[in-house]
Structures are given as structure tokens and as C-alpha cells.
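Below is the structure, and that's it, no one-letter string:
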């Protein structure tokens with residue numbers, strides 16, 4: 001069975017890049033991967049993935065975990081104590097979606113208002129001033145690309161400025177880099193150049209990179225060693241998980257370069273929707289996420305999700321009057337044209 005026939009859906013699935021299927025090369029690597037017990041002597045394929053990813057990110061060590069959510073949680077558990085504070089952009093995924101830090105660690109998340117996923121530096125400076133909070137700030141967390149901000153990418157100069165504020169105060173920085181490779185492609189730099197501005201970084205393998213599951217947390221050897229012990233406490237030891245790690249290896253070494261294609265289809269989608277009707281307003285994407293404001297149509301997002309599905313396009317609501325559309329490896333330019341035609345049909349029916 002070819003890669004195309006195995007993975008090509010019968011509908012245009014724009015719900016998320018998490019729907020990507022493994023490539024044929026990944027299946028081949030999974031079939032032949034050497035395995036061990038990751039909870040005992042260690043799995044050789046997992047070790048190779050951890051070393052390779054850490055090297056790509058310019059960090060000392062890496063840790064393979066089931067999800068980027070767990071990677072972010074472990075970064076906090078390994079570096080922040082109970083009743084300490086973490087500063088993040090107010091709409092960060094770790095604040096509004098994961099919530100694991102606040103629920104399981106006894107730490108407090110303080111959202112700093114920002115724009116396009118970047119914290120307002122003056123507000124951040126105010127939050128760091130002595131006496132600004134009764135709690136000690138023990139971490140600053142960044143996100144790039146920024147999910148809620150429509151896949152926007154933090155400028156490197158912004159990250160450098162945050163690093164200057166944090167490191168002069170002895171505060172570590174964690175990067176939620178679930179879509180870090182998308183950010184690197186947009187900036188035209190290596191993932192390591194972005195990761196150089198933070199202490200620890202998480203990387204999701206199962207979005208645009210197309211591995212079936214998993215993430216890697218990378219950082220200093222001492223932090224990763226502590227996170228490895230905490231991973232076991234969270235039930236994250238996965239035994240002969242080299243089968244999945246093999247796909248992850250293919251993801252981090254091969255799949256990053258092709259993300260330019262996803263960014264191009266996202267721009268095609270945005271341009272097509274903005275030409276349709278003034279009642280529809282689509283964001284101009286930096287990466288692979290397009291947010292669509294449908295308030296002018298007088299119909300809520302639930303109606304649009306239903307009607308688009310009836311026209312062969314899957315989407316996800318963004319609030320009451322919007323949609324979030326994400327391009328990925330299974331979406332071709334022809335699929336984008338089909339999606340725009342579906343929007344046109346829905347408008348006509350309305």
C-alpha cells in the first residue's frame with residue numbers, strides 16, 4: 001500500500017495537524033527498530049531518539065515522553081517548587097488548555113498580557129520587580145509557534161529580551177515548542193537557534209512532523225535526569241516503546257524541511273477565504289494555522305462546522321463565531337480549493 005493511499009482521507013480534514021499519519025519510511029523504521037525495556041536496561045531506539053533530538057535542539061540531554069503535555073509538566077516538576085510562580089503569556093496553551101502545572105504541582109500560573117503570542121515586555125518586567133507578588137517567580141514559559149494566536153512565531157529578538165530578564169535573575173526559561181519546527185521554518189533558522197534562548201524545551205513529534213505519538217523534553221543533563229525519575233512517577237515509562245521512537249527519529253531528522261508546504265497551503269487557504277466574501281475574515285498565517293472570523297455571516301461556529309462537514313470539510317470551532325483550520329501533510333493545494341468551494345457553497349445556502 002502506498003503512502004498516499006494509506007493516509008489520504010476521503011474528506012478535507014482541517015481540524016488539526018494531529019491527524020497526520022506515519023509515512024511509509026516511518027512504518028519501515030518501526031518494523032526494524034531494535035527494542036529493549038525502557039524501564040529496565042533502556043530501549044536502544046529511544047536512547048537514539050533522545051540523543052539525536054537533544055543534539056538537533058542544541059541541548060545536553062533529551063527524554064522521550066508520551067505527549068508534549070507531559071513534557072511541559074515534567075519541565076515544571078523538575079524546576080519549580082510548590083507555591084512558586086510561573087509567568088506565561090496570558091493565552092498560552094500551558095495556561096488555558098493543559099493546566100497540569102496548577103493542578104498537580106501546587107505552582108501558580110500568572111498570565112502576562114501580550115500580542116501575537118508575545119508577552120508585553122513592560123508587563124513582564126513589572127511582574128518580575130521585587131515585591132510585585134508574594135510568590136517567588138521560579139520560571140518563565142514561552143510558546144512558539146503560538147497555538148491560540150493562530151500559529152504566530154516569537155521573534156528571536158523578543159526571546160533574547162526575555163532571556164535577559166530571566167537569566168540575570170537566575171530564573172530558568174521553558175519553551176513549549178510543540179510546533180517548534182514550524183517556527184524555525186518561518187524564521188529561516190535552525191531549531192537550535194531558537195532553543196538557545198531557553199533552558200528546557202519540549203517538542204511534539206505527532207503534529208506536522210507526522211509521527212504517531214510522543215514528544216521529547218530537552219535541556220541540561222541534571223534537569224533531564226530528574227525529569228526521567230518523575231516520568232516514572234507519572235506512569236510515563238513505556239517499555240518496548242522503540243517501535244514508536246523509530247517513527248520519531250524519522251520525524252526529527254527528515255520531516256522538518258517539508259513544513260514549508262503546510263505553510264504555503266495555509267496561505268492559499270487564507271487568501272481564498274478572504275477573496276470569497278467580506279463577511280468572512282481569515283487571518284494571514286505565519287505557519288500552518290488559519291483562524292476565520294465568521295461573525296459577519298450571522299451564523300455561529302456550530303452551524304459552520306456542521307455545514308462544512310456536509311460539504312466534505314472537517315473543521316473545529318473557535319469560540320462562538322470562528323473556526324480554526326490547520327493544514328498538514330495530507331492537505332494539497334487541490335484540497336484547499338475544495339475547502340474554499342465548500343465555504344462558498346455554505347455561504348450560498350445561508
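Happy to help now that I have it. Keep in mind that this is a model prediction, so the values were computed, not measured.

Tell me which helix or strand comes right after the worst-scoring helix or strand of the chain on mean pLDDT.
Ranked by mean pLDDT, DSSP states H and E, the weakest helix or strand in the chain is helix 3-7, scoring a mean of 47. Next in sequence after helix 3-7, counting helices and strands by DSSP states H and E, comes strand 12-13.

counting contacts, what elements does that next one pack onto?
strand 313-314, helix 333-349 (3 or more Cβ pairs under 8 Å, 6 or more residues apart in numbering; DSSP states H and E). From N, CA and C alone the C-beta is placed, and that goes for glycine too.

Pretty sure residue 79 sits against residue 220.
No - Residue 79 lies out of contact with residue 220 (Cβ atoms under 8 Å); the separation is 9.7 Å.

would TSV of the helices and strands packed on strand 12-13 with mean pLDDT, distance to residue 209 and mean neighbour count be doable?
Shown next, in TSV, are these (pLDDT from 0 to 100; distance: least, Cβ to Cβ, whole Å; neighbours: other Cβ atoms under 10 Å):
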stretch	mean pLDDT	distance to residue 209	mean neighbour count
strand 313-314	98	21	22
helix 333-349	95	20	17
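
In terms of neighbours, single out the busier of residue 79 and residue 220.
More crowded of residue 79 and residue 220, by other Cβ atoms under 10 Å: residue 79, with 23 against 16.

Let's see the pLDDT reported for the residue lying closest to the more buried one once chain neighbours are set aside.
Using Cβ to Cβ, 6 or more residues apart in numbering and skipping the chain neighbours, the partner closest in space to residue 79 is residue 172 (5.4 Å). Looking at residue 172, its pLDDT stands at 98.

and if you look at the one 3 residues further on?
The pLDDT attached to residue 175 in the predicted structure is 98.

Repeat that for the one 10 residues further on.
We note a pLDDT of 98 for residue 185 in this prediction.

Give me the sheet partners of the strand or helix carrying residue 86 and which way each runs.
According to DSSP H and E, residue 86 maps onto strand 85-89. The strands beside strand 85-89 in its sheet (DSSP bridges) come out as strand 108-112 (parallel), strand 137-143 (parallel).

And the next helix or strand past the shortest one?
Under the assignment DSSP H and E, the closest C-terminal helix or strand after strand 108-112 is strand 114-115.

mind checking how far that following strand is from the chain centre?
Averaging C-alpha positions (Cα atoms, centre = their mean, to the nearest Å) puts strand 114-115 18 Å from its chain's average.

chain center to the helix or strand that it is followed by: distance?
Where DSSP H and E defines the elements, the next helix or strand beyond strand 114-115 is strand 118-119. Computed by Cα atoms, centre = their mean, the chain-centroid distance of strand 118-119 equals 16 Å.

For strand 118-119, give the mean pLDDT please.
Across strand 118-119, the average pLDDT comes to 98.

quick one: buried residues of the next helix or strand along the chain from it?
Proceeding N to C from strand 118-119, the next assigned helix or strand is helix 121-128, under DSSP H and E. Residues 124, 127-128 are the ones in helix 121-128 that count as buried (16 or more other Cβ atoms under 10 Å).

Relative to residue 219, how far out is the residue nearest to residue 238 when sequence neighbours are not counted?
Nearest residue to residue 238, sequence neighbours excluded (Cβ to Cβ, 6+ apart): residue 38, at 5.7 Å. For residue 38, the distance to residue 219 equals 19 Å [Cβ to Cβ, to the nearest Å].

where's the closest residue to residue 112 other than its chain neighbours relative to residue 131, distance?
Spatially, and ignoring its direct neighbours in sequence, residue 112 is nearest to residue 119 (4.3 Å; Cβ to Cβ, 6+ apart). From residue 119 across to residue 131, the span is 20 Å (Cβ to Cβ).

Looking at those two, which has the bigger crowd around it?
A direct count of neighbours by other Cβ under 10 Å for residue 119 and residue 131 places residue 119 higher, at 27 against 5.

I appreciate the help and will end here.
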